[in-house]
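Engineer: missing the sequence, but the structure's below:
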């Protein structure tokens, strides 16, 4: 079903998600590039044919720094991944933006239930249990800093804090699944954030314990 | 080995992952790719505690109604008993939810062949060193959060002792007794071989354990990570110490993951 939906989508035109573009190039071929490299001549790009290359591409930014957060807007450029099946395309897509397409499909079927940050923090145990002390102002400040699309994360936030969207330091567009987080006004597939991630929880811990911990 | 095909089933391989170490998730991705290549399951996914896809989102990626969850973890402990079930909302070994059956398997570290992998690593790192003059030390994490965490390493130590290859086999831990830093008093032989009982090389095997052993004066940063295995043997406290890498990248791990699934079916 997911593969079929992806094939249908790509039959209708290119797919933009996060910083990549996926195009169908011949009846069974698909090309994935950084969107800024979309019009680059083939010869200027490093070309790959194995989906595993995507794992390497997403691992480090242009400065060879580890990218623990896949939604970070610092995907490096200068490559092209060309695969021959929609199954491989889906696999690659899940390496670049894990679960983005499946979650978007589920969202369209009304099957995605966002989890309030308070619930996420209440669930934590061990070293993250202290994050239960995070106050609403602290949580809003953290979301504003850590999740913002400019240099934080390109995901569209669906979760709330104590029942309210953390809009204090974030624009309305950060919560709108129809908005392109890169500000291009392209028709994109949103990279939905259904629940605050472990990296967010780890940052919350730093706020409670102090950065030295 | 030829595992039984499960055309209507999905496999979700769960790894710890890391926000600081780029190599942490590699074994999980690598084995998932190999298992995908064998076309045993209709779909194979990875999920992580500290990376993406997270445990919270992976089940949205799964289409099969029959799902095997295999923790790519070295021991039963805090993560397998508490974190993974909680994050995946599991109710036991078998969870039935919305027409789906989710089967929670044992961690891969429970496989009996882990002993062979540890011995293979020990032999490989100290080639030509007389085993009868060697103390073998298995080092593991251990945690006060779960008493079972250290059990797997201790079980390996008993199994290796039973094979009577080394005159002395001991366990030491990062966060439990006895501590890794006491290696020189825990062992008596002139040669000491240290094998980390970890799935992946990472912060613990590159930095924390070398510092505890005294073969690194301080954490060197992830950039120099493989260097620590290239400087063997270390002359330290009147002994020759050999330090091995983690066992999780071994190709045999894909077979072990598949057998973990088969064992689940066999015992249910």
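Structural biologist: Noted; the coordinates are in hand. Predicted model only: the values in this text are computed from it and were never measured.

Engineer: list the residues that contact residue A:141.
Structural biologist: A:168-169 (C-beta atoms under 8 Å, 6 or more residues apart in numbering or on different chains). In this view, the C-beta of every residue, glycine as well, is placed from N, C-alpha and C.

Engineer: give me the phi and psi angles of it.
Structural biologist: phi -60, psi -40 (degrees, to the nearest 10).

Engineer: next one: it, what pLDDT does it get?
Structural biologist: For residue A:141, the model assigns a pLDDT of 97.

Engineer: so how far is residue B:74 from it?
Structural biologist: Residue A:141 sits 38 Å away from residue B:74 when distances are taken as C-beta to C-beta, to the nearest Å.

Engineer: try residue A:1
Structural biologist: 35 Å.

Engineer: so between these two, which is more surrounded?
Structural biologist: residue B:74 (28 against 8; other C-beta atoms under 10 Å in any protein chain shown).

Engineer: sec struct for that one, please.
Structural biologist: What DSSP: H, G, I helix; E, B strand; the rest coil gives for residue B:74 is coil.

Engineer: contacting residues for it?
Structural biologist: If you count contacts by C-beta under 8 Å, 6+ apart, then residue B:74 has B:107-109, B:114, B:140, B:152, B:197-199, B:248 around it.

Engineer: kindly report the residues of chain B close to chain A.
Structural biologist: B:18-22, B:29, B:33, B:36, B:45, B:49-54, B:56-58, B:60-61, B:63, B:78, B:82-83, B:86, B:145, B:222 (C-beta under 8 Å from any C-beta of the partner chain).

Engineer: now, which of the residues you listed lie within helices?
Structural biologist: The helices in this structure, assigned by DSSP state H, contain B:29, B:33, B:36, B:58, B:60-61, B:78, B:86 from the residues of chain B next to chain A.

Engineer: between those, which sits nearest residue B:232?
Structural biologist: residue B:29 (27.7 Å; C-beta to C-beta).

Engineer: wait, that closest one sits on residue A:55?
Structural biologist: Yes. Applying C-beta atoms under 8 Å as the test, residue B:29 and residue A:55 come out as touching, 5.9 Å apart.

Engineer: pretty sure residue B:47 belongs to a strand, no?
Structural biologist: Yes. The assignment for residue B:47 by three-state DSSP puts it in a strand.

Engineer: ok, residue B:69 to residue B:168 distance?
Structural biologist: Noted for residue B:69: a distance of 38 Å to residue B:168, by C-beta to C-beta.

Engineer: swap in residue A:185?
Structural biologist: For residue A:185, the distance to residue B:168 under the criterion C-beta to C-beta works out to 69 Å.

Engineer: any stretches of chain B with poor pLDDT?
Structural biologist: Along chain B, the model assigns pLDDT under 70 to residues B:1-2, B:219-225.

Engineer: the domain parsing of it - what is it?
Structural biologist: What automatic domain parsing lists as the domains of chain B is B:6-107+B:249-267, B:110-243.

Engineer: in CSV, list these along with distance to residue A:189.
Structural biologist: What follows is these, written out as CSV (distance: least, C-beta to C-beta, whole Å):
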stretch, distance to residue A:189
domain B:6-107+B:249-267, 14
domain B:110-243, 31
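
Engineer: what's the closest of those to residue A:61?
Structural biologist: That would be, of these and by C-beta to C-beta, domain B:6-107+B:249-267, which comes in at 11.1 Å.

Engineer: give me the distance from that closest one to the chain's centre.
Structural biologist: With C-alpha atoms, centre = their mean, to the nearest Å as the basis, domain B:6-107+B:249-267 stands 14 Å off its chain's centre.

Engineer: now do the same end-to-end measure for it.
Structural biologist: Domain B:6-107+B:249-267 has an end-to-end distance of 17 Å (C-alpha to C-alpha, to the nearest Å).

Engineer: strands along chain A, start to end?
Structural biologist: Taking DSSP state E as the test, the strands found in chain A are A:15-17, A:20-26, A:29-34, A:46-48, A:79-83, A:156-157, A:192-193.

Engineer: from the ones you listed, which stretch is densest packed?
Structural biologist: Stretch with highest mean neighbour count among the strands of chain A: strand A:156-157 (a mean of 24; mean count of other C-beta atoms under 10 Å in any protein chain shown).

Engineer: so which elements touch that strand?
Structural biologist: In this structure, strand A:156-157 makes packing contacts with strand A:192-193, judged by 3 or more C-beta pairs under 8 Å, 6 or more residues apart in numbering or on different chains; DSSP states H and E.

Engineer: now the strand it packs on: average pLDDT?
Structural biologist: 98.

Engineer: and the contacts of it?
Structural biologist: Outside strand A:192-193, the residues within contact range by C-beta under 8 Å, 6+ apart are A:71, A:100, A:103-104, A:107, A:112, A:147, A:153, A:155-159, A:177.

Engineer: restrict the residues of chain B next to chain A to the buried ones and give me that as a ChimeraX selection.
Structural biologist: The following ChimeraX selection, which keeps only the buried ones among the residues of chain B next to chain A, applies the criterion 16 or more other C-beta atoms under 10 Å in any protein chain shown:
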select /B:18,21,22,29,33,36,45,49,50,51,52,53,54,56,57,58,60,61,78,83,145,222
